[in-house]
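Asks: sequence plus the predicted model coming up.
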Amino acid sequence: QVQLVESGGGLVQPGGSLRLSCTASGSIFAINRMGWYRQAPGKQRELVATIPTTRSNPNYADSVKGRFTISRDNAKNMVYLQMTALKPEDTAVYYCNAFGYVTFNEYANGRGMDYWGKGTLVTVSS
């Protein structure tokens, strides 16, 4: 299994910045896509940003383009989310996601799985 642990959440004032980190550990054969999702109170979980293994052409939700930057360190199995110009509407629990494989057979047969962290709370408020 793959375990994901997020860190870096907290309380920040509007216009401020935060950097989220996520570490993947466990029986990892390979990790493909990694990303961040968020869920605000009373709302469905939504995509924030994803990044492929190649780190090229990351994908962002329109609401965070130009303000958030996703990056990853493949050697460390880590993904980051640099958040700037934060707005109250960015308040949510942020979840790390990884699509990975725990065995060669899974990888060879394209049978990876989505794994999720438990989330870290980001609160943007004055």
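Replies: That came through, no problem. Numbers count the residues shown, from 1 in each chain.
Asks: I figured Tyr101 hits Ala30, correct?
Replies: Yes: between Tyr101 and Ala30 there is a contact under Cβ atoms under 8 Å: 4.8 Å. C-beta coordinates here come from the backbone N, C-alpha and C atoms, glycine included.
Asks: pull the contacting residues for Gln82.
Replies: 17, 19, 68-71 (Cβ atoms under 8 Å, 6 or more residues apart in numbering).
Asks: thinking again about what came up before, who touches both of Tyr101 and Ala30?
Replies: Counting by Cβ under 8 Å, 6+ apart, the shared contacts of Tyr101 and Ala30 are 107, 112.
Asks: quick one on the thing from earlier: which among the contacts of Gln82 gets closest to Arg111?
Replies: Ile70 (25.5 Å; Cβ to Cβ).
Asks: what residues does the helix or strand bottoming out on mean pLDDT in the chain touch?
Replies: Between all helices and strands in the chain, the lowest mean by mean pLDDT, DSSP states H and E belongs to helix 104-108, at a mean of 92. With Cβ under 8 Å, 6+ apart as the test, helix 104-108 has contacts from 29-30, 101, 111-113.
Asks: could you flag which of these are buried?
Replies: 30, 101, 112 (16 or more other Cβ atoms under 10 Å).
Asks: gap between the residue of the chain most remote from its centre and Ser126?
Replies: What lies farthest from the middle of the chain is Asn105; by Cα atoms, centre = their mean that is 25.9 Å. Going from Asn105 to Ser126 by Cβ to Cβ, to the nearest Å gives 52 Å.
Asks: identify the residues contacting the residue nearest the centre of the chain.
Replies: With distances taken as Cα atoms, centre = their mean, Trp36 lies nearest the centre of the chain, 2.4 Å away. Shown in contact with Trp36 (Cβ under 8 Å, 6+ apart): 20, 22, 48-50, 70, 79, 81, 94-97.
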